[in-house]
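Chemist: when you get a sec, could you give me coordinates for this:
(one chain, ligands or ions: 1)
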Amino acid sequence: MSNVPVAVVTGSNKGIGLAIVRALCKQFPGDVYLTARDPGRGQAAVAKLQEEGLRALFHQLDIDDLQSIRALRDFLKEKYGGLNVLVNNAGIAFKVHDTTPFAVQAEVTLKTNFFGTRNVCTELLPLMKPYGRVVNVSSMVSSSALGGCSQELQKKFRSDTITEDELVQLMTKFVEDTKKSVHEKEGWPNTAYGVSKIGVTVLSRIQARMLNEKRKGDHILLNACCPGWVRTDMAGPQATKSPDEGAETPVYLALLPSDADAPHGQFVSNKTVRTW
Ligand code: NAP
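Modeler: I've put the predicted structure just below:
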């Protein structure tokens, strides 16, 4: 078994994820895994970094596929005995003018952004080594979507005692409510992506609390963040930041020094803790 520190970035064959891998290859003292659901796209991205003189390793990972997540878990357990840095970056968004029915957009978006990310956490968080760092890439849209929720929902999403099961029930209810076209009446905002990212931010707050309760002495720091508005296939060419600039906050959180005890359980953008 290798004693080399190891970092994993989900959805990193392009966009912000690829830029996070690029920065970690330069700054992280260990093995950096670029992961992709499609091995061809993943290997092409590894080759691109190699042309830049950087050495990333590849492992397949589709966060929609529990078998794929578990295969990565078993690989990390066997080869490294755990994991030092996990960046949950993989995500999807329908384009604004996409005509796919809203209920389908809700189901598909929540499936990857919330349930997929949660499944990765369920399988990989138990592997985190002491002083590990976990970064869940959310979005400022989670904050604006929170503001668009009913007072009752806002209270639940800001609660310091909400459980993961309760959050899962709420995310499931959103999808069900869109199918019945009652989501607005039920207090939800009209954004599937926004609700999925509320889920990611709240999940991060819950997971940080659980780490405090169960693994306080391990000094693991876990945060959600927004990369900013970044020129990728998701956000388009008008966005203000380059992918490398978008990677800065996630990488800052992934490389928090071992003597840091904060931020933890926060929502961070531009390296600054934001009020949730
Ligand atoms: P992107 O260019 O579309 O890249 C998304 C990445 O996620 C791709 O590598 C994609 O793989 C991967 N992915 C999607 N579904 C996956 C799955 N089921 N399993 C594994 N990988 C999967 O988007 P981006 O702008 O870099 O976004 C990265 C993250 O930042 C997302 O979580 C996004 O919500 C968040 N974010 C972006 C912005 C922005 O302005 N760009 C702002 C706020 C937050 P494929 O190539 O196979 O599709």
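Chemist: got the residues of this structure near the ligand?
Modeler: 10-11, 13-17, 36-38, 41, 61-64, 89-93, 112, 116, 137, 139, 226-227, 229-230, 232-235, 239 (CB under 6 Å from any ligand atom). Placement of C-beta: from N, CA and C, glycine included.
Chemist: repeat that with 5 Å
Modeler: Along the chain, the residues adjacent to the ligand under the rule CB under 5 Å from any ligand atom are 11, 13-16, 37-38, 62-64, 89-92, 112, 137, 139, 229-230, 232-235.
Chemist: can you give me the strands for the stretch 51-200 of the chain?
Modeler: Along the stretch 51-200 of the chain, the segments classed as strands by DSSP state E, counting those that start in this stretch run 57-60, 83-88, 128-137.
Chemist: want to throw those into TSV with mean pLDDT?
Modeler: Putting the strands of the stretch 51-200 of the chain into TSV (pLDDT from 0 to 100) gives the following:
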stretch	mean pLDDT
strand 57-60	99
strand 83-88	99
strand 128-137	98
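Chemist: just the buried ones from the residues of the chain next to the ligand?
Modeler: Among the residues of the chain next to the ligand, those buried by neighbour count (16 or more other CB atoms under 10 Å) are 11, 13-16, 37, 62-63, 89-92, 112, 137, 139, 230, 232, 235.
Chemist: deepest of the strands of the stretch 51-200 of the chain, which one?
Modeler: Stretch with highest mean neighbour count among the strands of the stretch 51-200 of the chain: strand 83-88 (a mean of 26; mean count of other CB atoms under 10 Å).
Chemist: list the strands paired with it, with their directions.
Modeler: Within its sheet, and counting by DSSP bridges, strand 83-88 is paired with strand 6-9 (parallel), strand 128-137 (parallel).
Chemist: neighbours of residue 81, just the number please.
Modeler: Other residues within reach of residue 81, judged by other CB atoms under 10 Å, total 13.
Chemist: how about it: what's its closest non-neighbour residue?
Modeler: residue 1 (5.0 Å; CB to CB, 6 or more residues apart in numbering).
Chemist: ok, how many other residues are close to that neighbour?
Modeler: 9.
Chemist: for residue 135, see how far away it is.
Modeler: Separation of residue 1 from residue 135 (CB to CB, to the nearest Å): 25 Å.
Chemist: just give me the longest helix of the protein.
Modeler: Using DSSP state H, we find that the single longest helix of the chain is helix 192-214.
Chemist: show the average pLDDT along that helix.
Modeler: Averaged over helix 192-214, pLDDT sits at 98.
Chemist: what do you get for stretch 153-172?
Modeler: Averaging pLDDT along stretch 153-172 gives 98.
Chemist: buried stuff in it?
Modeler: Of the residues in stretch 153-172, 153, 156, 157, 162, 164, 167, 170, 171 count as buried by neighbour count, 16+ other CB under 10 Å.
Chemist: OK, contacts around the third one?
Modeler: Right, residue 157. Residue 157 makes contact with 146, 149, 170, 198, 202 under the criterion CB atoms under 8 Å, 6 or more residues apart in numbering.
Chemist: nearest spatial neighbour of the fourth one, chain-adjacent residues omitted?
Modeler: Once flanking residues are discounted, residue 198 sits nearest to residue 142: 4.9 Å by CB to CB, 6+ apart.
Chemist: pretty sure residue 106 contacts residue 176?
Modeler: No: Residue 106 is beyond contact range of residue 176, at 9.3 Å (criterion: CB atoms under 8 Å).
Chemist: compare the two (neighbour count), which wins?
Modeler: Higher neighbour count among residue 106 and residue 176: residue 106, with 26 against 15, using other CB under 10 Å.
Chemist: roughly how far does that one sit from residue 24?
Modeler: The gap separating residue 106 from residue 24 is 33 Å, by CB to CB.
Chemist: for residue 4, what are phi and psi?
Modeler: Main-chain dihedrals, residue 4, degrees, to the nearest 10: phi -70, psi 130.
Chemist: who's the closest spatial neighbour of it, skipping the chain neighbours?
Modeler: Leaving aside its sequence neighbours, residue 4 sits nearest to residue 30 (CB to CB, 6+ apart; 5.0 Å).
Chemist: and for the one you found, the neighbour number?
Modeler: Counted with other CB under 10 Å, residues neighbouring residue 30 total 14.
Chemist: surely it touches residue 7?
Modeler: Yes: counting by CB under 8 Å, residue 30 touches residue 7, with 6.4 Å between them.
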